[in-house]
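Q: what would the 3D arrangement of this be:
(one chain, ligands or ions: 1)
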Amino acid sequence: MQNKQEQFDRSYLEMAAVWAKNSYCKRRQVGALLVKDRMIISDGYNGTPAGFENICEDDEGHTKPYVLHAEANAITKVAKSGNNSKGATMYVTTAPCLECSKLIIQAGITRLVYKDDYRISDGIDLLKRAGIEIVNIE
Ligand SMILES: [Zn+2]
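A: Now for the predicted structure:
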């Protein structure tokens, strides 16, 4: 029988996967949730900044450089709120890239639960160096 924490981790990760479906990006849809004291304090999916067209790819099918990743959207959303991400757990459907990993460290997030591996692992490597607890749930 799995313990309570693992049960919650799986549930939140499933919710992040559902949230990813809100992304209008075609190449890859990623969802992220921030959970603190067993409460969802923020959410994000990959997409363009507020006020921009809801199209992630250019005419050649490449992702536009100003598309925000799900993790960055979740972190900046909580920054606009009255809450903060210190000591929070991030649930994300794909392992964070290097740029998002920097944000995760600086946002005071202490735990990361993710599902799919990213093609390069430099983000996860950086998070490990920063002492962030990493859990991979397939
Ligand atoms: Zn990223």
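
Q: which bits of this structure sit near the ion?
A: His69, Cys97, Cys100 (C-beta under 5 Å from the ion). For every residue, glycine as well, the C-beta is placed using N, CA and C.

Q: these in helices, which ones?
A: Judged by DSSP state H, the subset of these located in helices is Cys100.

Q: quick one: residues contacting Val92.
A: Ala16, Val30, Gly31, Ala32, Leu33, Ala70, Glu71, Leu112, Val113, Tyr114, Lys115 (C-beta atoms under 8 Å, 6 or more residues apart in numbering).

Q: switch these over to a markdown table; also include neighbour count, secondary structure and distance to Arg129.
A: What follows is the contacts of Val92, written out as a markdown table (neighbours: other C-beta atoms under 10 Å; DSSP: H, G, I helix; E, B strand; the rest coil; distance: C-beta to C-beta, whole Å):
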| residue | neighbour count | secondary structure | distance to Arg129 |
| --- | --- | --- | --- |
| Ala16 | 29 | helix | 24 |
| Val30 | 29 | coil | 23 |
| Gly31 | 27 | strand | 25 |
| Ala32 | 30 | strand | 21 |
| Leu33 | 25 | strand | 24 |
| Ala70 | 30 | helix | 22 |
| Glu71 | 29 | helix | 17 |
| Leu112 | 24 | strand | 13 |
| Val113 | 23 | strand | 18 |
| Tyr114 | 25 | strand | 17 |
| Lys115 | 20 | strand | 22 |
